[in-house]
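[1] need a structure here:
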Amino acid sequence: MTSSSPASRYTAIAIALHWAMALLLLFMIWLGWNMDDNEARYQLHKSVGITLLFLTVTRIAWRLLNPPPPLASDMKPYERTLSHLVHMAFYALMVIIPLAGWLLVSISPFQISTVLFGAIDWPHLPFTSGLRQGNEILHGIVENVHSKGAWVIIVLLGLHVAGAVKHEISGEDGVLKRMIPGLFGKASPPSLPARGALVAFGSSVILFALIAAIPLIGPGSSASRGASGSASSAEAAGNWTIDYAASKISFSGVYDGKPFGGTFGKWAADVAFYPEDLASSAVAVTIDTASVTTGTKLYDSTLREAEWFNTGAFPQAEIALSGFEATGEETYTATATMMLKGRETSVPLSFALKINGDRAILDGSATFSRKALDLGQMSDAGASWVSDEIVVEVQGEATRLD
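    Model (predicted):
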């Protein structure tokens, strides 16, 4: 028997959160089955997962401040118990599964950066750096919690939908109208006015902002990198001064069969170059590796990780040019010795140099090996994704001092 007055519906915010999370959850399930080696989908999977985590926190807070309407009066005791258990399991898993995914990324030895929706750097969980090597058992446990938990979610989702449909078609007081007002029948407004929106949403937003701010204050942050193109105080007195606004150091390679490249926004050079006395010529360049930019935030963040430039422990790369030889009227070669992450390697550098009075224009390039510099050797030692050969190009203008 149904009650004489329509059942109370959920609050508008609870309804909005319910359907937003339901759609995101279905999308996440699809993503989980269709990521393969697709980098964009993998990043989207992580982005949606973190979003679901914070929506879940918001919804739990909202539920505590605004209790849901009572269950239908004609529900049997076991149905009430099952409904409560399914809801509690849902909330628990909607927190546990994203956290397990976050932990899985944090303890992975590959250290792939997370950039939410291509815009916001998302940090790894704190205090997990010591768990990244030699913890295959822990990694397997966390991976199973994340992947198998998704299957439990699917089962619970089936039970949830089956229960709602059962009450709708069995002649009982249906529940769908409480979550979709007007579509499946009339429902009364919530018995109490909604309250606590600022607390529920504000607490989640503040928590999200605090976590997202961690990369901004850590090593390699934009605050620590300083102004783009500015010279370091370590610049010594050569016989040429660099016009940094007209100069750049860039690099290029191949990633997943497609060309990619980037530049360094902050570097300094001490140039002593004498065309008539090449034996006395020498150049020392210091590069702030955290100033790397590629045009893709994910790549920028990944390059600063420990497997690549490791900007936290090794904030600078040093390049010394020596052994200059003329190969033509305005062309030269030199030996470029790079020191990066404690590794040193030397390669030939070819460049063209046009000197007009006291003004010089340089254009040169050298090819370095990732393997020789220990870059990306954990995740891609065989250069299956990123080419081993990386071309470093230098375009610059300078003015002679003497």
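
[2] buried ones in stretch 351-369?
    For stretch 351-369, the buried set under the neighbour-count rule, 16 or more other Cβ atoms under 10 Å, comprises 351, 353, 360-362, 364-366, 368. (Glycine included, C-beta is placed from N, CA and C.)

[3] keep only those of those residues that are in strands.
    Among these, DSSP state E puts 351, 353, 360-362, 364-366, 368 in strands.

[4] tell me the one of those nearest residue 150?
    residue 368 (41.9 Å; Cβ to Cβ).

[5] what sits closest to that closest one if chain neighbours are left out?
    Spatial nearest neighbour of residue 368, chain neighbours left out: residue 390 (5.3 Å); criterion: Cβ to Cβ, 6 or more residues apart in numbering.

[6] could you list the low-pLDDT ranges of the chain?
    Across the chain, the ranges flagged by pLDDT under 70 are 1-7, 72, 167-168, 170-177, 181-187, 215-237.

[7] and the helix ranked longest in it, what does it pack against?
    The longest helix of the chain (DSSP state H) is helix 136-169. Applying 3 or more Cβ pairs under 8 Å, 6 or more residues apart in numbering; DSSP states H and E, we find helix 136-169 packed against helix 12-33, helix 77-107, helix 176-179.

[8] ok, which stretches of the stretch 201-350 of the chain are helices?
    Secondary structure of the stretch 201-350 of the chain (DSSP state H, counting those that start in this stretch): helices at 214-217, 222-225, 297-303.

[9] which residues are in contact with the last one?
    Read that as helix 297-303. Applying Cβ atoms under 8 Å, 6 or more residues apart in numbering, the external contacts of helix 297-303 come out as 39, 43, 111-113, 115, 118-119, 121, 215, 260, 262, 289, 292-294, 308-309.

[10] do you know how far the residue nearest to residue 368 is from residue 251?
    5 Å (Cβ to Cβ, to the nearest Å).

[11] for residue 372, grab the count of nearby residues.
    By the criterion of other Cβ atoms under 10 Å, residue 372 has 15 neighbours.

[12] my read is it is in a helix, agree?
    Yes. Membership of residue 372 in a helix is supported by DSSP: H, G, I helix; E, B strand; the rest coil.

[13] next up, the contacts around it.
    For residue 372, the contact set (Cβ under 8 Å, 6+ apart) comprises 343, 345.

[14] same thing with residue 32?
    Contacts of residue 32 were listed using Cβ under 8 Å, 6+ apart, and they are 45, 147, 150.

[15] swap the cut-off to 6 Å and go again
    residue 150 (Cβ atoms under 6 Å, 6 or more residues apart in numbering).

[16] before we move on, what about residue 282?
    272, 322 are the contacts of residue 282 under Cβ under 6 Å, 6+ apart.

[17] and with 8 Å instead?
    272, 320-322.

[18] cool, residue 387 as well?
    Residue 387 neighbours (Cβ under 8 Å, 6+ apart): 253-255, 370.

[19] quick check: it vs residue 402, distance?
    The gap separating residue 387 from residue 402 is 42 Å, by Cβ to Cβ.

[20] now residue 378
    In terms of Cβ to Cβ, residue 378 sits 48 Å off from residue 402.

[21] then residue 310?
    39 Å.

[22] cool, residue 360 as well?
    Taken as Cβ to Cβ, the span from residue 360 to residue 402 is 13 Å.

[23] can you pull the residues that touch both of those two?
    Here residue 360 and residue 402 have no joint contacts, going by Cβ under 8 Å, 6+ apart.

[24] which non-adjacent residue is nearest residue 325?
    residue 333 (5.2 Å).

[25] run through the bridge partners of the one you found.
    residue 325, residue 350 (DSSP bridges).

[26] quick one: contacts for it?
    Contacts of residue 333 (Cβ under 8 Å, 6+ apart): 324-325, 327, 348-351.

[27] what's the burial count for residue 74?
    14.

[28] look up phi and psi at it.
    Main-chain dihedrals, residue 74, degrees, to the nearest 10: phi -90, psi 10.

[29] so which residues of the stretch 251-400 of the chain form strands?
    Applying DSSP state E, counting those that start in this stretch to the stretch 251-400 of the chain gives strands spanning 258-264, 267-272, 282-288, 292-293, 316-326, 331-340, 343-356, 359-369, 389-400.

[30] hmm, back to that, out of the helices and strands packed on helix 136-169, which is the most enclosed?
    Mean neighbours per residue, mean count of other Cβ atoms under 10 Å, is largest over those for helix 176-179, with a mean of 19.

[31] what's the closest non-adjacent residue to residue 58?
    Leaving aside its sequence neighbours, residue 58 sits nearest to residue 204 (Cβ to Cβ, 6+ apart; 4.4 Å).

[32] spit out the contact partners of that neighbour.
    Contact analysis of residue 204 by Cβ under 8 Å, 6+ apart lists 54-55, 57-58, 61.

[33] what does residue 95 give?
    Residue 95 touches 53, 56-57, counting by Cβ under 8 Å, 6+ apart.

[34] how about these in a markdown table, adding distance to residue 156 and neighbour count?
    Shown next, in a markdown table, are the contacts of residue 95 (distance: Cβ to Cβ, whole Å; neighbours: other Cβ atoms under 10 Å):
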| residue | distance to residue 156 | neighbour count |
| --- | --- | --- |
| 53 | 17 | 21 |
| 56 | 14 | 21 |
| 57 | 19 | 19 |
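
[35] what about those, which are in strands?
    Under the assignment DSSP E, the contacts of residue 95 contribute nothing to strands.

[36] put together JSON lines for those, with distance to residue 298 on each row.
    Listed next are the contacts of residue 95 as JSON lines, based on distance: Cβ to Cβ, whole Å:
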{"residue": "53", "distance to residue 298": "20"}
{"residue": "56", "distance to residue 298": "25"}
{"residue": "57", "distance to residue 298": "25"}
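
[37] which one of these sits closest to residue 97?
    Nearest member of the contacts of residue 95 to residue 97, counting by Cβ to Cβ, is residue 53, at 8.7 Å.
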